[in-house]
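# Sequence and predicted model, in that order:
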Amino acid sequence: MIEERYELAIGRIREIEKESTVGSEFRDYFHEMAGFAIMIDELRTELQSGRYQALELEELKEWNHRLYQDILPDRYEASYGNPSYAVNRCGKDYGLALSFLYAELRGAIAYTFEQKTEYLDILFELLVEVYNQFEEEPYPAIESIKETIYWYASDYCDVFVADRIREQIDPDETFAAGIIMDSDLDDIRYLYQFGEYISENELQTARHLMKLDDAVIKRMADVYTEGYRIGFVNTGKDLSRKSAVNIRYVLGFERVIKKAIANFEKMGLKPVIYRSGVSVLTKRQHLKIGYFGAVANKQYEYDHRNDQALFLDKKFLERKLEVVKTTYESCKELAAGFAGPACIEMFGEEPFAPEQKEDVLKLSEKQEELVLLFDSRQSQITNEYIRGDERSFTIVAYPVPEIGERYEEIFDEIIRINTLDAGTYEKVQQTLIDALDQGEYVHILGDNGNRTDLKVQLYPLKDPQKETIFENCVADVNIPVGEVFTSPVLEGTSGLLHVSKVYLNELQYKDLEITFANGMIADYNCGNFDRELENKEYIHDNILHKHPTLPLGEFAIGTNTTAYVAARKYGIEEKMPILIAEKMGPHFAVGDTCYSWSENIKVYNPNGKEIVARDNSVSIQRKEDVSKAYFYCHTDITIPYEELKSITVVTKSGEEIALLENGRFVLPGTEILNEPLKNADK
């Protein structure tokens with residue numbers, strides 16, 4: 001039946017490409033969509049016959065370019081994937097709806113490689129249904145088009161969303177793992193079997209890893225998987241009860257991933273490797289969660305981040321939540337065995353500052369409330385089946401070739417940074433913690449144009465002999481080593497946080513300012529755009545994630561001066577990922593604490609003291625109403641050392657203990673952290 005539906009749909013689409021039965025203002029759009037679907041059918045035939053897999057490298061590159069060329073930056077201005085262009089050609093209402101359909105149809109690339117013919121049926125039938133309405137006279141009311149899209153989303157939620165959940169927890173979903181384990185990774189053509197866009201970054205990354213000695217690959221995999229294991233040990237969680245680990249990474253690192261899979265299997269964990277979402281029903285805005293290749297056009301992804309505005313309402317939300325609950329219940333054994341994600345991130349691309357467009361789909365205030373409600377209820381359901389106090393994670397990052405001509409040298413330096421001796425840092429960081437534990441609050445002041453003036457209130461210790469405020473982070477879940485962090489007391493935490501330039505969640509911010517009052521965001525602004533309203537909207541959407549406010553969920557002091565000096569040496573400060581950047585100065589996370597969903601688990605530092613600052617006055621509300629406790633986001637913002645005047649601990653008696661002054665550590669016992677900085681000053 002699925003094959004019959006497919007043949008009927010693609011047969012009708014072949015006719016559409018030749019017809020002139022819709023008005024001239026829409027004819028070009030539908031001809032292009034039909035041409036795309038026919039190209040997908042050609043690809044499907046090539047894959048099923050095995051001819052695609054046997055193609056030479058240059059032929060694979062040509063196919064890859066054909067599939068993605070319409071949204072590449074040099075063609076985007078005249079692409080229906082660009083909402084502005086679609087609106088210009090088809091009018092505001094029709095243009096936005098048709099650009100949505102264009103973006104949704106592009107998911108067919110992934111579905112074809114994964115042999116999901118039913119998904120192709122659904123998409124192609126949607127295209128035909130919308131086209132049929134435009135054949136009528138007069139043109140259909142926009143509400144009729146929206147209704148068609150609404151029922152597409154609602155009717156097929158139990159296919160797309162349910163399958164997505166299973167892909168995230170079931171090791172038997174082996175599409176990507178099969179490519180990694182069964183391919184000849186010395187033959188670069190394997191990259192084109194995933195169905196992702198492949199740029200020079202992915203090609204050169206894979207080629208660089210081919211040149212590395214097996215011992216180096218093993219070292220990279222070991223630090224990644226061992227950090228994951230230690231994360232369970234340090235939090236007292238039982239890894240032996242788990243059966244699957246989710247591996248998230250960017251294509252090009254397959255040699256490391258293959259070794260990591262072997263390491264995880266020794267721990268009793270099978271890999272779950274799922275693609276970053278390609279449908280409006282399964283992805284979260286423009287964010288990449290899962291494995292992916294190059295982003296063909298970040299502006300395209302950003303323009304379509306709120307496409308669900310076309311159909312989102314309370315009824316759909318309830319429908320989607322029902323699917324989530326039902327699917328988890330049917331897969332509860334798989335969910336219970338899920339241990340959490342292990343992520344390899346990449347960095348080094350040119351920072352992306354998006355254009356804010358008027359002609360894009362935007363959520364209404366009511367829809368923003370629904371999104372927050374959905375996030376809250378979905379997270380509660382997920383935590384019911386994949387308990388936060390039983391799972392863990394790890395993250396490590398490496399550069400991509402776009403970082404510059406000295407890529408290979410930088411890559412080797414990052415390997416060194418990711419494997420720094422944790423023992424040395426543990427001792428120095430404990431010295432910092434001993435001083436911080438004496439404090440009532442910490443005062444942070446910026447310098448050299450940085451306007452930060454912030455007071456962070458600290459948790460009061462009841463038994464300093466057994467308790468501590470800060471966690472001594474020594475490279476387990478967050479690699480590399482180099483920070484001490486806490487959950488601040490919100491009441492009394494006030495002031496201004498300012499950073500001249502920062503890169504957060506793949507977006508660049510200039511002159512970012514956030515004002516806190518009693519630990520909650522009271523105001524914010526940046527200098528990305530000429531209009532203040534656009535700046536505030538940019539922060540509201542991408543840092544506050546549409547919440548009216550967020551708490552300061554974490555305060556930390558980064559100690560990895562080696563990473564800081566390396567960034568300055570190679571001129572890559574603004575390209576460093578937050579994972580490393582957060583170790584290169586004090587950082588402040590807005591959103592949930594580091595202990596969200598596992599606050600009740602006792603955590604200890606290497607010296608045996610319990611870290612008691614795991615909650616704040618927002619997260620503690622989980623005991624009465626869990627919907628008020630979490631925000632489902634955690635964004636770290638770092639002040640680099642060169643923008644730092646001082647970090648001072650202030651005790652209850654008013655004594656001041658200086659930790660850093662003018663970007664240098666001054667607390668006795670921490671001087672070793674300045675050694676790399678001395679070399680940078682020469």
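All right, it came through fine. Computed from a prediction, not measured in an experiment: that's the story for all the values here. Numbers count the residues shown, from 1 in each chain.
# Residue 655 and residue 438: what is the separation?
Per Cβ to Cβ, to the nearest Å, residue 655 is found 8 Å from residue 438. (Each C-beta comes from the backbone N, C-alpha and C, glycine too.)
# quick one, which of those two is more surrounded?
A count of neighbours by other Cβ atoms under 10 Å puts residue 438 above the other of residue 655 and residue 438, at 17 against 11.
# who's the nearest residue to the more buried one once chain neighbours are set aside bridged to?
Once flanking residues are discounted, residue 438 sits nearest to residue 651: 5.3 Å by Cβ to Cβ, 6 or more residues apart in numbering. Under DSSP bridges, the beta-bridge partners of residue 651 are residue 439.
# tell me the SS of residue 598?
State at residue 598, reduced to three classes by DSSP: H, G, I helix; E, B strand; the rest coil: coil.
# For it, which non-adjacent residue is spatially closest?
That would be residue 389: by Cβ to Cβ, 6+ apart, it lies 4.2 Å from residue 598.
# ok, now residue 443?
residue 648 (4.7 Å).
# Touching, the residue nearest to residue 438 and residue 436? I think so.
No. In this structure, residue 651 is not within contact of residue 436 by Cβ atoms under 8 Å, at 10.5 Å.
# neighbour-wise, which of the two wins?
For residue 651 versus residue 436, the count of surrounding residues by other Cβ under 10 Å is larger for residue 436: 22 against 13.
# returning to what we had before: who's in contact with the residue nearest to residue 598?
237, 597, 598, 600, 601 (Cβ atoms under 8 Å, 6 or more residues apart in numbering).
# Most neighbours among those residues, which one is it?
Highest count within the contacts of residue 389 by other Cβ under 10 Å belongs to residue 597, 23 neighbours.
# How many residues are close by the closest residue to it other than its chain neighbours?
Of all residues not flanking residue 597 in the chain, residue 388 sits nearest, at 2.5 Å (Cβ to Cβ, 6+ apart). When counting by other Cβ under 10 Å, one arrives at 18 neighbours for residue 388.
# Per-residue pLDDT of residue 681, please?
pLDDT recorded at residue 681 is 53.
# no, scratch that, I was asking about residue 59
Note on residue 59: pLDDT of 98.
# do residue 88 as well
Note on residue 88: pLDDT of 97.
# now swap in residue 253 and tell me
On pLDDT, residue 253 comes in at 97.
# Surely it and residue 212 touch.
No. Applying Cβ under 8 Å, one finds residue 253 not in contact with residue 212, separated by 11.3 Å.
# out of those two, which sits in the busier spot?
residue 253 (25 against 18).
# nearest residue to that one other than its sequence neighbours?
Residue 253 sits nearest to residue 344 (Cβ to Cβ, 6+ apart), 5.6 Å away.
# Please verify my assumption that the one you found contacts residue 252.
No. At 9.9 Å, residue 344 does not count as touching residue 252 under the criterion of Cβ under 8 Å.
# more neighbours, these two?
residue 252 (28 against 23).
# Need phi/psi at that one.
phi 120, psi -20 (degrees, to the nearest 10).
# for it, what are its contacts?
191, 201, 202, 203, 204, 205, 206, 209, 346, 400.
# will you turn those into CSV that also has pLDDT, distance to residue 666 and secondary structure?
Supplementary listing: these in CSV, determined by pLDDT from 0 to 100; distance: Cβ to Cβ, whole Å; DSSP: H, G, I helix; E, B strand; the rest coil:
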residue, pLDDT, distance to residue 666, secondary structure
191, 98, 49, helix
201, 96, 41, helix
202, 97, 44, helix
203, 97, 47, helix
204, 96, 43, helix
205, 97, 40, helix
206, 97, 45, helix
209, 97, 41, helix
346, 92, 36, strand
400, 94, 37, coil
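# now those in TSV, with distance to residue 294 and neighbour count?
Formatted as TSV, these follow (distance: Cβ to Cβ, whole Å; neighbours: other Cβ atoms under 10 Å):
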residue	distance to residue 294	neighbour count
191	10	23
201	6	22
202	6	26
203	10	19
204	11	17
205	10	27
206	12	20
209	16	19
346	10	22
400	9	24
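# Please identify which of those is nearest to residue 613.
residue 346 (32.6 Å; Cβ to Cβ).
# Once you drop chain neighbours, what's closest to the closest one?
Per Cβ to Cβ, 6+ apart, closest to residue 346 is residue 250, 4.4 Å.
# Neighbours of that neighbour, how many?
24.
# is it in a bridge, and if so with what?
residue 292.
# any idea how far it is from residue 117?
28 Å.
# returning to what we had before: can you tell me the helix or strand for the residue nearest to residue 443?
Using DSSP states H and E, residue 648 sits in strand 644-651.
# tell me the domain ranges of this structure?
Taking automatic domain parsing as the reference, the chain has its domains at 2-151, 166-395, 440-470+480-681.
# Out of these, which is closest to residue 430?
Here domain 440-470+480-681 is closest among the domains of the chain (Cβ to Cβ), at 6.2 Å.
# how long is stretch 498-518 from one end to the other?
17 Å (Cα to Cα, to the nearest Å).
# dump the residue contacts of the residue nearest to residue 443.
442, 443, 445, 656, 657, 658, 659.
# Buried subset of the residues you listed, written for PyMOL?
Selection of buried members from these for PyMOL, criterion 16 or more other Cβ atoms under 10 Å:
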select buried, resi 442+443+445+657+659
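# Among the contacts of residue 648, which are located in strands?
When DSSP state E defines the strands, the subset of these inside them is 442, 443, 445, 656, 657, 658, 659.
# What about the nearest residue to the fifth one once chain neighbours are set aside, how many residues nearby?
Just to be clear, that refers to residue 657. Spatial nearest neighbour of residue 657, chain neighbours left out: residue 649 (4.1 Å); criterion: Cβ to Cβ, 6+ apart. Counted by other Cβ under 10 Å, the residues lying close to residue 649 total 21.
# Greatest separation within the ones in strands among the contacts of residue 648: which pair is it?
445 and 657 (14.7 Å).
# ok, which stretches of the stretch 201-350 of the chain are helices?
Using DSSP state H, counting those that start in this stretch, the helices of the stretch 201-350 of the chain run over 214-234, 254-266, 298-303, 314-330, 332-336.
# Indicate which one of those is closest to residue 61.
helix 254-266 (18.1 Å).
# Let's see the closest one as CSV, backbone CA atoms only.
Extracted in CSV, the C-alpha atoms of helix 254-266 (Å, rounded to 0.1, in the frame of the first residue of the first chain):
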residue,chain,number,x,y,z
GLU,A,254,33.6,8.9,12.3
ARG,A,255,37.0,7.4,13.2
VAL,A,256,36.7,8.7,16.7
ILE,A,257,33.1,7.7,16.9
LYS,A,258,33.8,4.1,15.8
LYS,A,259,36.4,3.8,18.6
ALA,A,260,34.0,5.4,21.1
ILE,A,261,31.3,2.9,20.2
ALA,A,262,33.7,0.1,21.0
ASN,A,263,34.5,1.8,24.4
PHE,A,264,30.9,2.2,25.2
GLU,A,265,30.1,-1.4,24.4
LYS,A,266,32.6,-2.4,27.0
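# If you count neighbours, what's buried in it?
254, 255, 256, 257, 258, 259, 260, 261, 263, 264.
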